[in-house]
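Colleague: here is my input; please provide its structure:
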Amino acid sequence: MRRRYVLLKLASFLTVTALLSWVLGFFWFATNLPEEVTNNSEDADVIVVLTGGSDRINTGLDLLEQGIAKKLFISGVYKGVEVQELLRLSQRSPKNLECCVKLGYQADDTRGNALESQNWIEEEGYSSLRLVTAAYHMPRSLLEFRNAMPEIQILPHPVFPQHVKQKDWWLWPGSMTLILSEYVKFLMAHIRIWFEDIQAILIG
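Modeller: As a prediction, the model looks like this:
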């Protein structure tokens, strides 16, 4: 009887500890999201944009027009969308940028973005990239990209969608839910990568 009581007490302690760690981890995640671009002066071979909002694509095109990279790769584009159409939708001149924009159609999640971008970068022989995605999405994107291509220099370039109230997220249910969802996905990506590393060690 006493042994059962001790086990229940230990289980309760571990559950509370895990829950507290999860909550503290979430607050750390939410308060440490990037608030600005910190490496504007650094050049990279290419710009990689992850689809998910027009502000991301426009930012990537702005950077390309500024000449801070040789090419722009947009990952996760809907099949059937062509470069000329995308440039017209973004109110850009196809003649000026069409040669330097490449679209990727295979990715349907962040891990897919990383793998698709890795394949293209290896084919082109580049060694550095500037990664453009939403600030709340940046931690998971960096995790996946650095796992997929550890030898490539990656410069984060967050964008800040107006509908995401990042500064006072706890006052906005929609923003809080979005950031919470991203935190869960971030943890799941960490766990998956950890298991993949363990599997590689065991097989190797």
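
Colleague: would you map the helices across the chain?
Modeller: For the chain, applying DSSP state H gives helices covering 2-31, 54-66, 83-89, 94-97, 110-124, 138-148, 173-203.

Colleague: tell me which residue lies nearest the centroid of the protein.
Modeller: Residue closest to the average C-alpha location in the chain (Cα atoms, centre = their mean): residue 141, at 2.1 Å.

Colleague: what's the burial count for the closest residue to that residue other than its chain neighbours?
Modeller: Ranked by Cβ to Cβ, 6 or more residues apart in numbering and with sequence neighbours excluded, the top spatial neighbour of residue 141 is residue 133, at 5.0 Å. Where C-beta positions appear, they are placed from N, C-alpha and C, glycine not excepted. Using other Cβ atoms under 10 Å, residue 133 has 27 neighbouring residues.

Colleague: which residues touch residue 133?
Modeller: 49, 50, 52, 56, 141, 158, 159 (Cβ atoms under 8 Å, 6 or more residues apart in numbering).

Colleague: kindly recompute the last result at 6 Å.
Modeller: Taking Cβ atoms under 6 Å, 6 or more residues apart in numbering, we find residue 133 in contact with 50, 56, 141.

Colleague: nearest to residue 113, of the residues you listed?
Modeller: Of all these, residue 50 has the smallest distance to residue 113: 5.0 Å, by Cβ to Cβ.
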